[in-house]
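Peer 1: Sequence first, predicted model second:
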Amino acid sequence: ARLEPRHVLADIMSVFAFLGDKLLLRDDHFSFLVVEQTVIKVVPPLVAHGMSVLELLRVFVGVYPTVASHRRARLYGTLAQVLGPNDHLSTLILLLLGSAAGETEGSVPFCGVLCAPLPAETQVTVLRRLVEAVRAMPRTQSDLKKAKGTAYEGAASSMGSLRGLQRRAMDTVVHVLGGRVFTGLVQGDAAGEEGVLQAMLCELMGELVAAMDEVGGLVEDDDEEMRDADEEEEEEGGKATGPKVVRQKMEAAVDSVGGHMKIATFVQAVQALLEGKGRTGRVTGLHVLNARLALLDSGLPAETADLLTPLFPPLAALLGQSGIKEAEQQQALVAVELLVRLFPSGCRGEWLKSVCKGVLGLLKKGGPAVGAGACSVVGTMAMHVGAALLPWIKELMTELLERLERTLPKCYPEEEEKHGKKGKTPKKKGKKEEEEGGK
């Protein structure tokens, strides 16, 4: 192995192939132990003498179908440990998912099994490298040739197969993040808020949001071009693999990452998304924030509630910011309402002023859905904030009444018809007409 690594590799691979054939016929535990020790002793010098890790992993992935299923986890887990899981496990996973065996239903759980024995920090590193690989994959048919020499070269025969690999890679990320093993490791992390793991989760969320933005942005129901691409790009098995599906997997991964974060880390990550310039980040931040706030009980402890304070300024800014779509304004209103219910004592001073100004603007100019959300926020603030809202009551009630005057005729057109033309109040009767009517 030290003198002629390539020749040794060629001979060793024939041994592995023979081992696979033998195990399929008779489970030979001793032969498997011999091969395992061979991997431990021979692979490091092969790599140290310049053997390509990618080439080595391709050979192992090639014999994957011939290895007995109950031996695979130990063999490939040992290989990953010998090579270094931080640097090379993500490559092994991509090769497995991109092979013919990777298209089977058990490929994603198997990749999760490979990650399970590792520390939580190592697992996050592997997942981040998978997301980075998905970001680096070609986005158009003409760019497929750039995949040559990469871990995803085997799946780059068409955009449909490459999207399929992206989907399986993101399925693996979601599978690991949602697994009981990883959840237990995060909950048992003694370092808490200040630990390395929480910082790594924050970085993973940022990487996922960047990947969502690059793959094509948010899923829009009215995006015909994206919808057509999703319908065209399907695997032979009939599973949709278009960009919309890949983005949905990424959104699920972001939700999982947010659920594993401690409150302080979560607030820091969401604050960065809300204050960022990209729309994908803003909408994703609002989505994970509302999902997390909805799970919290009312009457938070003071120390927990204080951690939410940094979220107030960016939310208030979104309410009054121009160029924001109504869907974002609605999500921002929901977040404000949830925060007011959970942490009414924080709704004071400049933040209350900013929120009231934003709500007043939405009552004046917002569409029906946004206007309804603004009305709900006013009611919630009146109920929970109390006397602190008094300086704004007159303006808020004036706008609410004017909003009702504009909205009610549209909700009850039959009542409006009784009083004449739509949008006009009945003409006031003169004194003479009133007297005649009285008679």
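Peer 2: Sure, I can see it. Numbers count the residues shown, from 1 in each chain.
Peer 1: Tell me which residues touch V257, please.
Peer 2: Residues near V257 by Cβ atoms under 8 Å, 6 or more residues apart in numbering: L177, L201, L204, M205, L208. C-beta here means a position set from N, CA and C on the backbone, and glycine is covered the same way.
Peer 1: give me the element it is part of.
Peer 2: Counting by DSSP states H and E, the element that carries V257 is helix 243-260.
Peer 1: what comes up buried for that helix?
Peer 2: Neighbour counts using 16 or more other Cβ atoms under 10 Å place 243-247, 249-260 of helix 243-260 among the buried residues.
Peer 1: Averaged pLDDT, it. What do you get?
Peer 2: Averaged across helix 243-260, the pLDDT comes to 91.
Peer 1: Now render the contacts of V257 as JSON lines, adding secondary structure.
Peer 2: Formatted as JSON lines, the contacts of V257 follow (DSSP: H, G, I helix; E, B strand; the rest coil):
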{"residue": "L177", "secondary structure": "helix"}
{"residue": "L201", "secondary structure": "helix"}
{"residue": "L204", "secondary structure": "helix"}
{"residue": "M205", "secondary structure": "helix"}
{"residue": "L208", "secondary structure": "helix"}
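Peer 1: ok, V181 touching L114?
Peer 2: No - using Cβ atoms under 8 Å, V181 is not in contact with L114, being 11.7 Å away.
Peer 1: how near is the spatially most central residue of the chain to V267?
Peer 2: The centroid of the chain falls nearest to V254 when counting by Cα atoms, centre = their mean (2.4 Å). With distances taken as Cβ to Cβ, to the nearest Å, V254 is found 15 Å from V267.
Peer 1: How about residues contacting stretch 290-298?
Peer 2: Residues from elsewhere that reach stretch 290-298, judged by Cβ under 8 Å, 6+ apart: D255, G258, G259, F266, Q331, V334, A335, L338, L339, R341, L342.
Peer 1: Going by distance to V283, which of these wins?
Peer 2: The nearest member of those to V283, counting by Cβ to Cβ, is Q331 at 7.0 Å.
Peer 1: what bits of the stretch 1-150 of the chain have low per-residue confidence?
Peer 2: For the stretch 1-150 of the chain, the stretches flagged by pLDDT under 70 are 1-2, 5-6, 9-28, 31.
Peer 1: how does it look with 90?
Peer 2: Applying pLDDT under 90 to the stretch 1-150 of the chain flags residues 1-72, 74-75, 99-106, 138-150.
Peer 1: what about the helices in it?
Peer 2: Counting by DSSP state H, counting those that start in this stretch, the stretch 1-150 of the chain has helices at residues 5-25, 29-48, 53-62, 69-83, 85-98, 107-115, 120-136.
Peer 1: Go through the ones you listed and name the closest to Q271.
Peer 2: Per Cβ to Cβ, nearest to Q271 of the helices of the stretch 1-150 of the chain: helix 120-136, 20.7 Å.
Peer 1: Now do that closest one: which elements does it pack against?
Peer 2: Judged by 3 or more Cβ pairs under 8 Å, 6 or more residues apart in numbering; DSSP states H and E, the packing partners of helix 120-136 are helix 85-98, helix 107-115, helix 159-178, helix 180-187, helix 196-215, helix 243-260.
Peer 1: can I get these in CSV with distance to T407?
Peer 2: Formatted as CSV, those follow (distance: least, Cβ to Cβ, whole Å):
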stretch, distance to T407
helix 85-98, 52
helix 107-115, 49
helix 159-178, 42
helix 180-187, 46
helix 196-215, 36
helix 243-260, 33
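Peer 1: Just the buried positions in stretch 377-388, please.
Peer 2: Neighbour-count burial for stretch 377-388, counted by 16+ other Cβ under 10 Å, picks out V377, V378, T380, M381, H384, V385.
Peer 1: Sitting in helices, which of the residues you listed do you find?
Peer 2: Using DSSP state H, the subset of the buried residues of stretch 377-388 located in helices is V377, V378, T380, M381, H384.
Peer 1: I'd like the residues you listed as a markdown table, with pLDDT appended.
Peer 2: Listed next are these as a markdown table, based on pLDDT from 0 to 100:
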| residue | pLDDT |
| --- | --- |
| V377 | 90 |
| V378 | 90 |
| T380 | 89 |
| M381 | 88 |
| H384 | 85 |
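Peer 1: Just put the residues you listed in TSV and tack on distance to G195.
Peer 2: Shown next, in TSV, are those (distance: Cβ to Cβ, whole Å):
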residue	distance to G195
V377	36
V378	41
T380	35
M381	37
H384	34
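Peer 1: quick check, nearest of these to A101?
Peer 2: Nearest to A101 among those, with distances taken as Cβ to Cβ, is V377, at 53.0 Å.
Peer 1: Please report how far that closest one lies from S157.
Peer 2: Distance of V377 to S157, given as Cβ to Cβ: 52 Å.
Peer 1: what does stretch 79-94 contact?
Peer 2: 39-40, 43-44, 47, 53-54, 56-57, 60-61, 76, 111, 114-115, 118, 122, 125-126, 129-130, 133, 151-152, 165, 169, 172.
Peer 1: I'd like to know how many residues surround the closest residue to A136 other than its chain neighbours.
Peer 2: Leaving aside its sequence neighbours, A136 sits nearest to T150 (Cβ to Cβ, 6 or more residues apart in numbering; 7.9 Å). Neighbours of T150 under the rule other Cβ atoms under 10 Å: 18.
Peer 1: Against L130, how distant is T150?
Peer 2: 13 Å.
Peer 1: do Q330 as well
Peer 2: From Q330 to L130 the distance is 33 Å (Cβ to Cβ).
Peer 1: what's the answer for V267, then?
Peer 2: 26 Å.
Peer 1: neighbour-wise, which of those two wins?
Peer 2: A direct count of neighbours by other Cβ under 10 Å for V267 and L130 places L130 higher, at 26 against 18.
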